[in-house]
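Chemist: could you look at this predicted model? Sequence included:
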Amino acid sequence: MSGERHAKLTSTAFHEAGHVVMSLIHGRPFRHVTIERGEDSLGHVLYRAFSDRFDPELDVSSRTNRTIEAAVDCALAGHAAEALLTGRNKWVGSTADRAHAIDMASYRCGSAQQVEAYIEWRRTVVVDSLRLSSRWDAVKVLAEALLERKRLTHKEARRIYLEVVAPPCPLLVPDATAVQASLVSISKADDAAPAGGA
């Protein structure tokens, strides 16, 4: 594989891993993520459809606003991860993501200026969120897994994410001898205590 092609594939893997990490942060379900080239993309995350109850034109509840915010953040996270990797802030290759973010933001905002301000604010939030060391580590590990396997299911991606962000803590089982010694010393202390109360 040529150096240029490998660099593009790596950028795509980080881009898609950024979407995945933000989706897992927000609890937005998806079926799979891939860096396999499609008709109009170099990779994608296949999200599950919104609930039938999601109607942002009629419902202005806090639940709807959280769903909109999650969708905007997830759409912007691919570009954010790629920009953090490369140091370049170009929307080339992310125009569909940006269009989706703008479409979702338009349900919350009145004017085009408000939409742009909201998008810029959420982009800053997303970049700062992905910069956190454990989350950036998760983006890197997911990108590596995508480069190796090309496609991950939601379950596989979630397992990888959790292993990085919240590694399992070993169960601390005390040594049986130490427990027995502690019980003996407690028993001796009880025996040595003066009889009677205060």
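Modeler: Here it is on my side, so go on.
Chemist: tell me where the protein has helices.
Modeler: Using DSSP state H, the helices of the chain run over 3-26, 62-86, 95-105, 112-131, 133-149, 154-165, 176-192.
Chemist: let's have these in CSV, adding mean neighbour count, mean pLDDT and distance to Pro56.
Modeler: Just so you know, the C-beta spots here come from the backbone N, C-alpha and C atoms, and that holds for glycine as well. Formatted as CSV, the helices of the chain follow (neighbours: other C-beta atoms under 10 Å; pLDDT from 0 to 100; distance: least, C-beta to C-beta, whole Å):
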stretch, mean neighbour count, mean pLDDT, distance to Pro56
helix 3-26, 22, 93, 16
helix 62-86, 21, 94, 5
helix 95-105, 17, 93, 8
helix 112-131, 16, 96, 14
helix 133-149, 18, 96, 27
helix 154-165, 16, 95, 24
helix 176-192, 9, 61, 58
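Chemist: quick check, central residue of the protein?
Modeler: For the chain, the residue sitting closest to the mean C-alpha position, by C-alpha atoms, centre = their mean, is Val21 at 2.1 Å.
Chemist: can you tell me which residues contact that one?
Modeler: Contact analysis of Val21 by C-beta atoms under 8 Å, 6 or more residues apart in numbering lists 77, 81, 130, 135, 138-139, 142, 161.
Chemist: hmm, 6 Å instead?
Modeler: 135, 138-139 (C-beta atoms under 6 Å, 6 or more residues apart in numbering).
Chemist: re earlier: Glu39: which of the helices of the chain is closest?
Modeler: Minimum separation from Glu39 across the helices of the chain (C-beta to C-beta) falls at helix 95-105, 11.9 Å.
Chemist: doesn't Ser111 make contact with Tyr118?
Modeler: No: Tyr118 is beyond contact range of Ser111, at 10.4 Å (criterion: C-beta atoms under 6 Å).
Chemist: any idea how far His100 is from Phe50?
Modeler: 12 Å (C-beta to C-beta, to the nearest Å).
Chemist: can you check Leu42 too?
Modeler: Distance from Leu42 to His100, by C-beta to C-beta: 16 Å.
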